[in-house]
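[1] Just need the structure, nothing else, for what follows:
(chains A and B)
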Amino acid sequence: MTVRILAILLAIVSWAAIPSESFGQTKPKPTGKKPAAPVKPPPVKLPSAVLKPKSEPVMKVASIDRARRESVLEAATKIDEILERAWEKNGIKSQPSLRDDQFLRRIYLELGGRIPTYDEASKFLTSRSKDKRVDLIDTLLESPDYVSHFYNYWADVLRLCERPQNNIVLDPYLAYVKEKIAENKPYDKWVHEMLTADGKIWQNPAVGFQMRDDGMPLPYVDNTVRVFLGKQIGCAQCHDHPFDSWTQRQFYELAAFTTGTRTRLNGNDPEFKKGNPVNQLIKEARDKTPDGKASAALQQLVRANQFAVRYNKRELKLPHDYAYSDAKPNDIVKPKVLWGSVPSSAAKADRREQFAAWVISREDRQFARNIANRMWQKMFGLGIVEPVDDFRADNKPSNPELLEHLTDEVLRLNFDIRELVRIIANTKTYQKLAMVHEPSSAEVYQFASPILHRMTAEQLWDSLLTLVAYNPWAYQRPTAKEISAVVDLDLSKAKLADAEKVAASYESTYFLPKYNRDLQKLCGYKGQLLVRASEIPTPVPLGHFLRQFGQSDRETIEGGRTVGTVPQILAMFNGPITHILLEPGSVIYDDVMKTNNINGVDIVFVSVLSHKPSLLDREFAVNEVKTAETMGQGFGNLIWSLLNTREFIFIQ
Amino acid sequence: MKNEVLDKFDVLLSRRNLLINGTAGLLGVKFLSQWDNKIFAASPGTRAKQVIMLTMRGAMSHIDTFDPKPGRDVQGETEAIKTNTPGVLFGNSLPRLAGMFEELAVVRSLTTETGDHEQGTYLMRTAYKKLNSISHPGLGPWFQHAMGKISKDLPGNVLIGNGNEHPSAGFLESAVIPVPIGDPAKGLENIKSPGYLSDTNFKRRLTLANRIDADFREKFSGTEVDTYNQMYKEAVRLMGSKELESFDISKEPEKIRELYGSNRFGQGCMLARRLIQGGVRFVEVEFGPWDMHQQIFTDLPDRAGVLDRGMSALLTDLKTQGLLSTTMVVLATEFGRTPKINENAGRDHHPGVFSCVLAGAGIRGGQVYGASDEDGRSVADDSVSIADFNTTIAKAAGLDTKKEYFAPNGRPFKIGGGGTAIEKLLA
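    Model prediction:
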């Protein structure tokens, strides 16, 4: 590391020819008669935590089995063949294949969630290895970048946030989701674990899935079916579904499986034998202070320990205003699945287990089909069934053969979803030039290539960070174990002194106000945390760059958006994030300064757009750098300009 | 095409001249100067020129706000209070609004088709059901599309709040995408170039970006990329405009700021008033969450108190400034909450019947329209659908609610969703 610092120092000292100012800064033009005093650039303070690469591994990620490469390529060919048949049948022209630089950019963004660094790009572009694309796909899929990027995907789907309600501390569950992606846990086992988990979140972070819908047992069923089976049954909660076949009764029959699940301890639990310990502890704490107020951290901590998932069989009744003739209001409903049957392996299990077994059933295929469609959408920008959570008889897949084939693949791979992604990335079709697809056109898209789309907010953030930070991992969200160690309180025997002790440890660590302050100290730059989007506590505040570019508020399933707005452009023009890039100490600044000549132009292009400039563009760029007041300013203008191209924010 | 940005710049620089010469219609923008606006204000019309929509996110309970059921079990801990009109009661967290009932048209007989927040909100904002094949415009974009902009520099419609769930411009042109404002205290952020960046240099940067990007934009021309081209134009136009002060609530006197309440919603309402004054056609302010499945009687008084203060201040302020005669204020939510209080002392989703409120220009205030049954469970009189409600809003602004607008896929849509306007609500 010290070598790197030395290099930076040397760079600054030895290239005195370019003034060591930030790229954007220059003397203001004299206004009026009075010559203005030169404005000194403000002292640059990139947080030191981001200034040098991390020395230890960022995280452990399950490795890719390179011995399976042959079979991966065979599987990819099969997909290409299915697609080619569809093109032929529909008279679709084949799209041109991606050039190396285009492939490089897409694969980094879509598997790793960010653009490649200058060094990574140069290495790939100059490599003559025949296998360099296959190699890069494998490398990315076992990198922390992959974990971060797919965490962002699931965070959007599962509405992950630290505090879904004031007193629910969901952090261990967020860490758990990330860990499952890193260890590449088979998807069916992962989902089953979440649907059946019980206990406190400190002991079993998988309960977070249930806890996210605390107090909403019926929406829980709706959300679960929507996310994992791709069907919208929510309307049937109140009345028969208007444009699908689900009846209100069917909805209640399904909900009857999980109705006995609770997310909070109450009078039925041993912890509450001697009354409500939560209220008692908080009252004691209040009585102890002169102003009758207990600390926010203590109250939150004690209340957070009331949340635990437990299941006891309970009957569900139809609503009091049930209006159909097949049953009476308030009748008890017997559990019944929407289609198929509960797998025999779970016949004797409790109802909640039965529900989980039915959801992930291999025989029924919908669970596998749903994830196949989701991963296809993730890679191609469009599902074979679209929207991905609206499988219906009259919402037909654009290519049924492809969808069923991918479903077979999911089953063959035993729900190794990363392997499916690996196969899709290796298809020739995936490696073709993106097409513009208008969602409102009546045309059925036949997947001649992935569709052109804007980077997600997280991809954009992580890409800008790539241009800035040598270490984009200044911190990582705490693991489930780390949090559990400071927040667990046994309500069955805790005295006030115990609560105070645990509250003190909570207040000094993961209590959000304190935690956020600590993070700001570590890697804050003008109020923004310079760390991967996956690690920033969510939902981020409304005015944050990520929200401006459409990151979800984590209230609705897949609430992320990529539509353009004026504030986004203003953020790109004038926001702090764009300007960090022009500061000494940023990766791109250093890389450009290493040349101290006009070759810096190529470096800027490769860093920002992952390719060298065309002859014409180079001429424009060189002209800009040469005619600017200083070369530094010229480079600053060039970097800024490239960031403000559509080419930068779209993935072609 | 390559000189597009430079051209824009020239436009920007000579804006003052344009104002003097009053070149309406330039840039394809319908343009009325501040002056024209004042003329409207001076002659109270019966049709709204501008709209402020207050969107209550998460489904506001009707029984605890605008449709109390005193004496019934379903009422829970909320009490009913008298308004200044005999026989009309509100929930006890709305004392200020109760004191200005003569301004309000309370609709107590709305009913909707879904108890799902996302779909419900979408339906309320667009008057159309959420479908896979088409994306419908929100009411703000639709108003801008139909009525044009007022101020040339300021956006035609602004969304103060969260923004993610907003359907945006739907199938309409990207120029009518609402400008989202997260924090009213911060207004429109990043609007100023850094002090060191000269105009010349900014121009150089834009020119260079445009040159280098020209091929890409042509090759991948389509809605998404073109939208960004449009947004770049809008952003350049906005930067440096004097009318940006409309976004800066710190310019308001302390007294006024206090009137609205020192919270995000109150300040959002105040920003909305500034923007209306500056000539923004349609401003939406989001507020919530109202999704009170638990402890509703603990959480609701605070939230409703914020609403009461913010909305009453808004109406008072608009009136004082002479803007209420040209501005309609709408309070909307996606559905109601169950009369039955659940085991967590909360109320769940209830699409069967719920309440919304209209006020100001184009609206006949001082009335309750429609009624729910004795427990607030179903509609008892004068059922109002979401499309009827939206059509009423459009009609109150003098829009042609029968006119068909065609989406790119050739299908026709109407502002307000083809409902029936409630004539009794109109001034």
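[2] Phi and psi next, for the spatially most central residue of chain B.
    Central residue of chain B (C-alpha atoms, centre = their mean): residue B:284, 2.2 Å from the mean position. Phi and psi for residue B:284, reported as degrees, to the nearest 10, are phi -110, psi 140.
[3] what bridges to it?
    residue B:53, residue B:159 (DSSP bridges).
[4] Is it correct that it is in contact with residue B:161?
    Yes: Residue B:284 is within contact range of residue B:161, at 7.4 Å (criterion: C-beta atoms under 8 Å). From N, CA and C alone the C-beta is placed, and that goes for glycine too.
[5] what sits in contact with each of those two?
    With contacts defined as C-beta atoms under 8 Å, 6 or more residues apart in numbering or on different chains, the residues shared by residue B:284 and residue B:161 are residue B:55.
[6] Write out the residues of the stretch 101-250 of chain A neighbouring chain B.
    A:215, A:216, A:218, A:222, A:234, A:235, A:237, A:238, A:242 (C-beta under 8 Å from any C-beta of the partner chain).
[7] and with 6 Å instead?
    By the rule C-beta under 6 Å from any C-beta of the partner chain, the part of the stretch 101-250 of chain A lying against chain B is A:215, A:216, A:234, A:235, A:237, A:238.
[8] List the contacts of residue 384.
    In the absence of a named chain, this looks at chain A. A:373, A:376, A:397, A:398, A:399, A:402, A:403 (C-beta atoms under 6 Å, 6 or more residues apart in numbering or on different chains).
[9] think we crossed wires, I meant chain B
    So residue B:384 contacts B:107, B:109, B:110, B:370 (C-beta under 6 Å, 6+ apart).
[10] Now do the helices in chain B.
    Under the criterion DSSP state H, helices of chain B are mapped to B:4-13, B:15-21, B:34-42, B:95-98, B:117-126, B:139-147, B:199-219, B:223-238, B:254-260, B:264-278, B:296-320, B:386-396.
[11] and the angle for the longest one with helix B:264-278?
    To tie it back to what came earlier, the one meant is helix B:296-320. 20 degrees (axes from the mean of the first three to the mean of the last three C-alpha atoms, to 10 degrees).
[12] what do you get for the fifth one?
    Here helix B:117-126 points in a direction 20 degrees away from that of helix B:264-278 (the same axes, to 10 degrees).
[13] Does helix B:117-126 reach chain A?
    Yes: using C-beta under 6 Å from any C-beta, helix B:117-126 reaches chain A at residue B:118.
[14] chain center to that helix: distance?
    Taking C-alpha atoms, centre = their mean, to the nearest Å, the mean C-alpha location of helix B:117-126 is offset from the chain mean by 14 Å.
[15] What lies in contact with it?
    A:556, B:112, B:114, B:130, B:136, B:138-139, B:165, B:167, B:332, B:334-335, B:386.
[16] Identify the farthest-apart pair in the contacts of residue B:384.
    B:110 and B:370 (7.7 Å; C-beta to C-beta).
[17] Those two: which is more packed in?
    residue B:110 (27 against 22; other C-beta atoms under 10 Å in any protein chain shown).
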